[in-house]
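**Q** sequence plus predicted model, see below.
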Amino acid sequence: MYKWLSLVVGFFYIAFGVFILVYRYKQITESDIAYPLGALLLVYGIFRFVRAIIVLKNDKSE
């Protein structure tokens, strides 16, 4: 169960990072924290998603 949950959470981190980057792009305010936060969430989501896929593949092969 934890492996599948990790996969879903990774997907949500990716989606939230993209949302922050797109939402910040459409706004005119001067908040400089949105770009690094969105990029950090995107990278962490990709890392978590890939790690969950690797663990699921290794679990099925054993």
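**A** Perfect, I can see it now.

**Q** switch to C-alpha atoms for all contacts and neighbour counts from now on
**A** Will do.

**Q** and Pro36, what pLDDT?
**A** pLDDT, Pro36: 87.

**Q** number of residues surrounding it?
**A** 13 (other CA atoms under 10 Å).

**Q** what helix or strand is it located in?
**A** Using DSSP states H and E, Pro36 falls within helix 34-61.

**Q** return the list of helices and strands in contact with that helix.
**A** Contact partners of helix 34-61 among helices and strands, from 3 or more CA pairs under 8 Å, 6 or more residues apart in numbering; DSSP states H and E: helix 2-26.

**Q** show me what the helix it packs on is in contact with.
**A** 34-35, 37-49, 52-53, 55-56 (CA atoms under 8 Å, 6 or more residues apart in numbering).

**Q** of those residues, select the buried ones using a ChimeraX command.
**A** Command for ChimeraX that selects the buried part of the contacts of helix 2-26, burial taken from 16 or more other CA atoms under 10 Å:
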select :34,35,38,39,41,42,43,44,45,46,48,49,52
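
**Q** centre of the chain to stretch 46-62, how far?
**A** Here stretch 46-62 shows a centroid-to-chain-centroid distance of 15 Å under the convention CA atoms, centre = their mean, to the nearest Å.
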